[in-house]
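Peer 1: missing the sequence, but the structure's below:
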Ligand code: AMP
């Protein structure tokens with residue numbers, strides 16, 4: 001079962017897809033996907049979306065949110081038929097921040113819509129525009145797009161959005177992080193007024209709430225808290241290690257421990273490339289995926305990883321969105337992220353499809369403040385694993401006099417005092 005119903009503000013619990021009001025071709029497609037019962041977000045959202053309501057969803061990838069919005073959307077479009085004469089107008093627009101997520105949504109729509117006669121296409125930058133132009137000129141019912149290329153094509157007069165009745169903004173927090181707010185506003189301006197609107201975001205800071213208020217009308221709210229993904233199937237630990245020793249520690253774990261498949265997160269693209277080289281020198285085959293790689297290289301690496309031919313993927317955050325691979329046994333935070341929510345996104349790449357996962361965070365002396373922020377967000381202290389050759393001592397203790405003595409012991413239980421968040425004054429000040 002994907003996702004968790006903890007933290008979800010539910011009115012009712014539906015355990016069967018049949019009870020949600022979905023049409024037979026969609027139920028058949030869902031059965032073909034092997035889904036036995038709706039995830040909580042699906043149970044909550046689908047009936048309201050079928051009834052035409054707007055939705056504000058606080059949920060991240062892994063909760064089943066794509067089916068939650070795609071199934072009702074496909075049902076509406078197929079019931080309302082659309083024009084039979086002339087070119088099909090785009091009636092649904094789904095905006096995604098990254099190419100990988102867009103491609104994933106496209107694949108999901110393929111699967112859910114397999115018994116319907118609807119056409120969809122995915123467009124994003126970094127690849128030739130020609131096939132996208134051709135698909136647009138043939139006519140589409142559903143367009144999945146990243147904002148940059150969409151506006152580019154729109155500016156060239158190649159996309160007509162004047163018939164859109166369904167608009168989905170996916171991963172809105174990531175959109176804003178990536179600086180897409182102006183693009184989103186531009187897209188909203190060219191959409192017709194009467195339409196159903198959905199916004200999904202893994203986190204709900206004020207900036208998202210105010211964006212949502214500009215275009216959602218009296219939305220239903222569905223929430224699956226990020227904590228639910230961190231706690232259940234993922235064993236989290238932190239290893240203190242000096243920056244210069246991180247790659248040796250990583251190579252050592254990858255070659256000696258029981259790691260089936262791993263995603264390693266670095267802060268920068270350059271760092272990802274360098275790490276891949278260093279791992280290869282240590283005899284570990286790895287590939288990097290990040291925004292500077294060509295789309296072909298990214299697709300090749302992801303396919304090899306998905307097929308199990310590649311054991312280690314080194315990724316930046318942008319590239320990791322939408323990676324949905326069940327066999328990931330380990331996630332390494334090679335660099336700790338400065339946004340604690342990012343940690344939650346990253347480790348959610350493991351512990352999927354009912355399997356257990358391990359998330360290992362490397363923390364050097366400059367990252368202790370980030371670690372504190374993460375622990376504050378997830379509401380627990382992450383166990384320290386000091387059983388490695390590069391352990392420099394508990395940096396958390398040496399870095400802060402605000403920490404109570406004996407607050408954590410390697411291998412100890414959780415339940416750290418929340419009061420330790422007082423040490424946050426030096427939060428993002430990195431030397
Ligand atoms: P998403 O949150 O949309 O990225 O979905 C995460 C994963 O859950 C995808 O691999 C989906 O195929 C899968 N999934 C979606 N809905 C269900 C369901 N009801 N039962 C089992 N798996 C599902």
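Peer 2: Sure, I can see it. Treat the numbers as computed from the prediction; the structure is a model and nothing was measured. Numbering: from 1, shown residues only.
Peer 1: Three-state assignment for residue 94, please.
Peer 2: Residue 94 carries the three-state label strand when classified by DSSP: H, G, I helix; E, B strand; the rest coil.
Peer 1: contacting residues around it?
Peer 2: Going by CB atoms under 8 Å, 6 or more residues apart in numbering, residue 94 touches 69, 102, 105, 142-145, 168, 170. All C-beta atoms are positioned from the backbone trio N, CA, C, and that covers glycine.
Peer 1: change it to 7 Å
Peer 2: When contacts are counted by CB atoms under 7 Å, 6 or more residues apart in numbering, residue 94 touches 105, 142, 144, 168, 170.
Peer 1: pull the most distant pair out of the residues you listed.
Peer 2: Taking every pair in the contacts of residue 94 and measuring CB to CB, the maximum separation is 13.1 Å, between 142 and 170.
Peer 1: before we move on, back to that, which of the contacts of residue 94 sits closest to the ligand?
Peer 2: Distances from the ligand to the contacts of residue 94, taken as CB to the nearest ligand atom, are shortest for residue 105 (8.1 Å).
Peer 1: let me know whether the closest one touches residue 97 as I believe.
Peer 2: No - the criterion here is CB atoms under 7 Å, and residue 105 misses it with residue 97 at 11.3 Å.
Peer 1: ok, back up a step: filter the contacts of residue 94 down to the ones close to the ligand.
Peer 2: Of the entries in these, none also sits close to the ligand under the rule CB under 6 Å from any ligand atom.
Peer 1: dump those residues into TSV; add pLDDT as well.
Peer 2: Supplementary listing: the contacts of residue 94 in TSV, determined by pLDDT from 0 to 100:
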residue	pLDDT
105	95
142	98
144	98
168	98
170	96
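Peer 1: which of the residues you listed fall in strands?
Peer 2: Of the contacts of residue 94, the ones assigned to strands by DSSP state E are 142, 144, 168.
Peer 1: bridged to the first one, which residues?
Peer 2: Translated: residue 142. For residue 142, the beta-bridge partners under DSSP bridges are residue 92, residue 120.
Peer 1: go on, the last one?
Peer 2: Note on residue 168: beta-bridge partners residue 94, residue 198, judged by DSSP bridges.
Peer 1: list the contacts for it?
Peer 2: 69, 94-95, 198.
Peer 1: how does it look with 6 Å?
Peer 2: Contacts here follow CB atoms under 6 Å, 6 or more residues apart in numbering; on that basis residue 168 touches 69, 94, 198.
Peer 1: could you list which of those residues also contact the ligand?
Peer 2: Intersecting the contacts of residue 168 with the contacts of the ligand gives an empty set (criterion: CB under 6 Å from any ligand atom).
Peer 1: dump those residues into a markdown table; add distance to residue 359 and pLDDT as well.
Peer 2: A markdown table is the format used below for the contacts of residue 168 (distance: CB to CB, whole Å; pLDDT from 0 to 100):
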| residue | distance to residue 359 | pLDDT |
| --- | --- | --- |
| 69 | 28 | 98 |
| 94 | 29 | 98 |
| 198 | 30 | 98 |
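Peer 1: between these, which is closest to residue 22?
Peer 2: Distance ranking of the contacts of residue 168 against residue 22, using CB to CB, places residue 69 first at 12.9 Å.
Peer 1: shouldn't the closest one be within a strand?
Peer 2: No - counting by three-state DSSP, residue 69 falls outside a strand, being helix.
Peer 1: isn't it up against residue 199?
Peer 2: No - at 10.0 Å, residue 69 does not count as touching residue 199 under the criterion of CB atoms under 6 Å.
Peer 1: gap between the residue nearest to residue 72 when sequence neighbours are not counted and the ligand?
Peer 2: Here the nearest residue to residue 72 in space, its sequence neighbours aside, is residue 49; by CB to CB, 6 or more residues apart in numbering that works out to 3.7 Å. With the distance defined as CB to the nearest ligand atom, to the nearest Å, residue 49 ends up 14 Å from the ligand.
Peer 1: so residue 49 makes contact with residue 70?
Peer 2: No - the pair residue 49 and residue 70 does not pass the contact test of CB under 6 Å, sitting 9.9 Å apart.
Peer 1: mind listing the strands for the protein?
Peer 2: Chain-ordered strands for the chain, with DSSP E as the definition, fall at 55-58, 92-95, 120-123, 142-145, 166-169, 196-201, 220-223, 234-240, 262-265, 286-289, 312-315, 330-333, 357-363, 383-384.
Peer 1: give me the packing partners of the first one, helices and strands only.
Peer 2: Contact here means 3 or more CB pairs under 6 Å, 6 or more residues apart in numbering; DSSP states H and E; on that basis strand 55-58 packs against strand 196-201, strand 220-223.
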